[in-house]
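Asker: mind folding the following:
(one chain, ligands or ions: 2)
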Amino acid sequence: MKILVTGGAGFIGSHTVVELQSAGYEVAVVDNLYNASPKVIGRLEAITGKKVPFYKVDIRDREGLTEVFEQEKPDAVIHFAGLKAVGESVRKPWEYYENNIGGTLVLTDVMRKCGCKNIIFSSSATVYGDPAFIPITEECPKGTCTNPYGWTKWMLEQILSDLHTADPEWNVVLLRYFNPIGAHKSGTIGENPNGIPNNLMPYITQVAVGKLEKLHVFGNDYDTHDGTGVRDYIHVVDLAKGHVCALKKLEPGSGLSIYNLGTGVGYSVLDIVNSFEEATGVKIPYVIDPRRAGDIAECYSSPEKAEKELGWKAENGIREMCEDAWRWQSMNPQGYGD
Ligand code: NAD
Ligand code: WQD
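Answerer: Ligands and ions are numbered 1, 2, ... in the order given. The predicted structure follows:
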């Protein structure tokens, strides 16, 4: 079975390529390298010992994408390609809607014209908004998003569900990720944010490596055990394996499936700081700042449905997440360095 991975040079996509190849799947990667390094492909090949066919193509480029489909003839698509910076999406909503929604519309049109109607989509816990209940199960209603990025995920879930309703030949898996962190054990691939990181773990690792002075903790007056925000952090390799398990939901007649991919455990910002210090021996100085606009107090999953139906469960704990994030950052202080 051959899988086309859009956004396969990015953080989660690259780790998923490793797990797909290790599980015996053939892959091809499409990425416009807007937020990824061309070096990733060579590093993937070094990890798996297999060739990774790569196309520098934008998913909005209908002709280019059609050529890839004609060349590779994939059986299924795992669709990671998209813009993902929450704050930037508030400043550039048009760009986010055009890239994420426009891109997915072109992709799915090319897919159906080429007879490939199997897709796994990178969605996000952000679609739950401020969740109606915790732990969040898949039955929790979708909520009100606080930024255009979140709305693109919300709307794309609807669009892909409607495609399946209109044409049951479509098999669609919506995977709602919680907070992916960590890196491959080799330390050769990992998260490579542009500029100052928005997310907690890359910010911490950049403090640890000396690129940033101290962590700014956004609020300590939430209704949580220590007042700082609680999230469900998941090791990116576990997340990647979740995609391999989700492929079984693309069998003919599977229809529409939705899964949370998280660990079911919530850690606060200060829990993460402490775990990082324990796992690495590196001290993380921090200050308490005001709350960040749009943040919620608490968000963690019930991962039971994925375990029951996909046979998938996250294996790595917070220590491994911290160790592996640190190995990547300390081996690559400048990321991919380009
Ligand atoms: P990433 O930015 O590292 O990867 C996305 C990749 O898509 C990049 O390599 C980028 O160059 C590529 N891309 C963007 N627009 C493209 C286009 N028009 N054509 C072709 N390639 C394009 O991000 P990531 O963290 O690996 O996230 C992967 C997916 O998972 C995204 O859809 C993201 O929204 C989603 N997601 C991420 C998180 C997270 O916290 N990282 C959480 C939930 C969901
Ligand atoms: C985690 C916690 C912050 C940075 C975001 C997106 C979400 C999803 C994952 C894609 C919060 C606190 C953070 C810092 C801090 N992405 N924090 N200082 O906000 O849960 O989720 O990424 O879908 O859509 O919104 O992740 O890593 O930004 O924050 O105190 O410098 O760390 O307030 O409590 P978040 P995060």
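Asker: straight-line length of stretch 247-259, end to end?
Answerer: End-to-end span of stretch 247-259 (C-alpha to C-alpha, to the nearest Å): 12 Å.
Asker: pLDDT of it, averaged?
Answerer: For stretch 247-259, the mean pLDDT works out to 96.
Asker: just how off-centre is that stretch within its chain?
Answerer: Relative to its parent chain, stretch 247-259 has a centroid offset of 19 Å by C-alpha atoms, centre = their mean, to the nearest Å.
Asker: any buried residues in the helix of greatest length in the chain, and which?
Answerer: Looking across the chain with DSSP state H, the single longest helix is helix 148-166. Neighbour-count burial for helix 148-166 flags 148-157, 160-161, 163-164 (criterion: 16 or more other C-beta atoms under 10 Å). To be clear about C-beta, it is placed using only N, CA and C from the backbone, and glycine gets the same treatment.
Asker: kindly export the helix or strand following that helix (C-alpha atoms) in PDB.
Answerer: Following helix 148-166 in sequence order, the next helix or strand is strand 171-177 (DSSP states H and E). Only the C-alpha atoms of strand 171-177 are listed here, as PDB (Å, rounded to 0.1, in the frame of the first residue of the first chain):
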ATOM      1  CA  ASN A 171     -13.100   7.000   3.700                       C
ATOM      2  CA  VAL A 172     -12.100   9.800   6.000                       C
ATOM      3  CA  VAL A 173     -10.300   9.700   9.400                       C
ATOM      4  CA  LEU A 174     -10.200  12.900  11.400                       C
ATOM      5  CA  LEU A 175      -7.400  12.700  14.000                       C
ATOM      6  CA  ARG A 176      -7.600  15.300  16.700                       C
ATOM      7  CA  TYR A 177      -4.100  15.800  18.100                       C
END
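Asker: beyond strand 171-177, next helix or strand please.
Answerer: Following strand 171-177 in sequence, per DSSP H and E, is strand 179-181.
Asker: residues making contact with that following strand?
Answerer: 11-12, 125, 191, 199-201, 231-236, 239, 262, 321, 325 (C-beta atoms under 8 Å, 6 or more residues apart in numbering).
Asker: contacts with ligand 2 among those residues, please.
Answerer: Here is what survives when these are matched to ligand 2 using C-beta under 6 Å from any ligand atom: N199, L200, R231.
Asker: which one of these sits in the busiest neighbourhood?
Answerer: The residue in those with the most neighbours, by other C-beta atoms under 10 Å, is R231 (25 neighbours).
Asker: contacts only, for that one.
Answerer: Applying C-beta under 8 Å, 6+ apart, the residues near R231 are F178, N179, L200, G266, Y267, C299, Y300.
Asker: kindly recompute the last result at 7 Å.
Answerer: F178, N179, G266, Y267, C299, Y300 (C-beta atoms under 7 Å, 6 or more residues apart in numbering).
Asker: ok, and which of these reach ligand 1?
Answerer: N179.
Asker: which stretches in the stretch 51-200 of the chain count as strands?
Answerer: Residue ranges of the strands in the stretch 51-200 of the chain, as given by DSSP state E, counting those that start in this stretch, are 54-55, 76-79, 118-124, 171-177, 179-181.
Asker: and the pLDDT for D338?
Answerer: Reported pLDDT for D338: 83.
Asker: how close does it sit to ligand 2?
Answerer: 24 Å (C-beta to the nearest ligand atom, to the nearest Å).
Asker: returning to what we had before: out of the contacts of R231, flag the one nearest to P74.
Answerer: Ranked by distance to P74 (C-beta to C-beta), those are led by F178 at 27.5 Å.
Asker: does ligand 1 have contacts with the longest helix of the chain?
Answerer: No. Helix 148-166 does not reach ligand 1 (C-beta under 6 Å from any ligand atom); its nearest approach is 6.7 Å.
Asker: using PDB, write out the CA atom coordinates for that helix.
Answerer: The C-alpha coordinates for helix 148-166 follow below in PDB (Å, rounded to 0.1, in the frame of the first residue of the first chain):
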ATOM      1  CA  PRO A 148      -8.700  31.500  12.200                       C
ATOM      2  CA  TYR A 149      -6.200  28.600  12.400                       C
ATOM      3  CA  GLY A 150      -8.600  26.700  14.600                       C
ATOM      4  CA  TRP A 151     -11.500  27.500  12.400                       C
ATOM      5  CA  THR A 152      -9.700  26.100   9.400                       C
ATOM      6  CA  LYS A 153      -9.500  22.700  11.300                       C
ATOM      7  CA  TRP A 154     -13.100  23.100  12.300                       C
ATOM      8  CA  MET A 155     -14.300  23.800   8.800                       C
ATOM      9  CA  LEU A 156     -12.100  21.200   7.100                       C
ATOM     10  CA  GLU A 157     -13.500  18.500   9.400                       C
ATOM     11  CA  GLN A 158     -17.000  19.600   8.200                       C
ATOM     12  CA  ILE A 159     -15.900  19.700   4.500                       C
ATOM     13  CA  LEU A 160     -14.300  16.200   4.700                       C
ATOM     14  CA  SER A 161     -17.400  14.800   6.500                       C
ATOM     15  CA  ASP A 162     -19.700  16.300   3.800                       C
ATOM     16  CA  LEU A 163     -17.600  14.700   1.100                       C
ATOM     17  CA  HIS A 164     -18.100  11.300   2.700                       C
ATOM     18  CA  THR A 165     -21.900  12.000   3.100                       C
ATOM     19  CA  ALA A 166     -22.300  12.900  -0.500                       C
END
